[in-house]
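**Student:** Sequence unavailable; structure follows:
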DNA sequence: CGCCATATTGAAATCATTCAACTTCGGTGG
DNA sequence: CCACCGAAGTTGAATGATTTCAATATGGCG
């Protein structure tokens, strides 16, 4: 039984031992779900949120026409399904892209966090704000960039997040097919293929199976039109809550 | 001096008089900002969040190439600038699309809310989750729908929100030019023009200046590929916090 | 080996942009 | 009151980006 990854939660502020212990205690046992299986399907009643312990997952919207838009990629330590806390039935489908292990937290536990652990609640709140920024970046990317830039932005975003959770710099080892990438980027798999090959030929990336090697980080960052982000760490107003 | 609109805050749960009074007391005095002026520019230090008391505003990302993606429309009662709570400097530019009046709340006040008014904190948290769903819907719309559907989705979204804050059904009276709509929809103003005229000719909408009349709501909803949303109201886990 | 999912490629079609007028509308100053 | 002006809306034609369709290649795995 693996430990609960807490990088996301402590990204903005250190938490005291009590808060961390409470957080751990609120999650249920580990559950394995195999590749390409839904963790929760859109329309299901909202009874819990999830913590991704291991593996890759995505949140997506399935449209009436049968198309799918992937709205968020998840790596270990991410909380899944929180947006649907505002709804009666889930707005998004959660899918494991690899075999995944998750734990779930019942809604009543969220109430306890706000009541008993305000610092922890505030950390979850800031994390939700960060997710909004990620979504806004994706939106700016789909709305205002051609396919090549969209791909560069995505690759750099994932790369920087992976580095943040301690993975090797310069490599993005994700489990996505070109069809998956199309659902993330708002393109067709055919076009994703052409884009990737073009970046490969220009020497900006190399490919080994589904792994992408970022051979020219500087050029990729020039392609992306988004700034690197400076996240807060230990702001006064957050520290103040614990006093 | 107008009252502080609280529809957004009480959308998910009633709040007691103390919480409401605290919330009101944390905002500074009203400030007027004129049309097309920045309320806060991306890159500015994050020292506060804002409450929009009157008028229309937008949050947007300005890209290096000079293009702009509007990521969120704001109506009275909306909290502005909260996503940048996760950052040192603001990620989004906030702009008034009409003359607006705003009030601002310092960061320290957010700390107090989490410490002293957990129900209020939880309401802000759920509101942030709702905003994530709105963003995910916009993302699905830009990523997977042609221009006409994007427009229908946007129009219905704004319509339903306006009805929610008590405006007339079947009318969207917004202050946007076709160039603004292009920045929202990820299109050019020329194409927005063609789309609107096409919907007009098909009898789905009528136009009077910048006002749009939704002449055929049912047909518009058929065009949109997104479901109507059922937001929670007064869930147990939230009520429980107040006890 | 044979099978299935995935990746690759070319050609034609579609959607949206660009560019360049031209029109309409509301306000403002003479 | 009217002429003018700038901002916003409208339109057509050419261009460009991406999709669609259809076929072929590759690669891992039982």
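**Tutor:** Yep, that arrived. Predicted model only: the values in this text are computed from it and were never measured.
**Student:** Could you verify my assumption that residue A:50 touches residue A:103?
**Tutor:** Yes - between residue A:50 and residue A:103 a contact is recorded at 6.9 Å, counting by CB atoms under 8 Å. All C-beta spots, glycine's among them, are computed from the backbone N, C-alpha and C.
**Student:** the more surrounded of these two?
**Tutor:** More neighbours surround residue A:50 than the other of residue A:50 and residue A:103, with 24 against 19 (other CB atoms under 10 Å in any protein chain shown).
**Student:** Enumerate the beta-bridge partners assigned to the more buried one.
**Tutor:** Taking DSSP bridges as the rule, residue A:50 bridges to residue A:80, residue A:104.
**Student:** how close does it get to DNA strand C?
**Tutor:** Noted for residue A:50: a distance of 24 Å to DNA strand C, by CB to the nearest atom of the strand, to the nearest Å.
**Student:** Please list all residues in contact with that residue.
**Tutor:** When contacts are counted by CB atoms under 8 Å, 6 or more residues apart in numbering or on different chains, residue A:50 touches A:39-40, A:79-81, A:94, A:102-105.
**Student:** could you dump these to JSON lines with pLDDT?
**Tutor:** Formatted as JSON lines, these follow (pLDDT from 0 to 100):
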{"residue": "A:39", "pLDDT": "98"}
{"residue": "A:40", "pLDDT": "98"}
{"residue": "A:79", "pLDDT": "97"}
{"residue": "A:80", "pLDDT": "98"}
{"residue": "A:81", "pLDDT": "98"}
{"residue": "A:94", "pLDDT": "98"}
{"residue": "A:102", "pLDDT": "97"}
{"residue": "A:103", "pLDDT": "97"}
{"residue": "A:104", "pLDDT": "97"}
{"residue": "A:105", "pLDDT": "98"}
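**Student:** Which one of these is nearest to residue B:18?
**Tutor:** Minimum separation from residue B:18 among the contacts of residue A:50 (CB to CB) is found for residue A:105, which lies at 28.3 Å.
**Student:** Pull the number of nearby residues for the closest one.
**Tutor:** Should you count by other CB under 10 Å, residue A:105 turns out to have 20 residues around it.
**Student:** Identify all residues paired with the residue most central in space within chain A through a beta bridge.
**Tutor:** With the centre of chain A defined as its mean C-alpha position, the nearest residue by CA atoms, centre = their mean is residue A:74, 3.2 Å away. Each beta-bridge partner of residue A:74 is listed here, defined by DSSP bridges: residue A:57.
**Student:** give the contact list for it.
**Tutor:** Taking CB under 8 Å, 6+ apart as the contact definition, residue A:74 lies against A:52, A:56-59, A:80.
**Student:** repeat that for 10 Å
**Tutor:** Contact analysis of residue A:74 by CB atoms under 10 Å, 6 or more residues apart in numbering or on different chains lists A:8, A:39, A:50, A:52, A:55-59, A:80-81, A:94-97, A:100, A:102, A:161.
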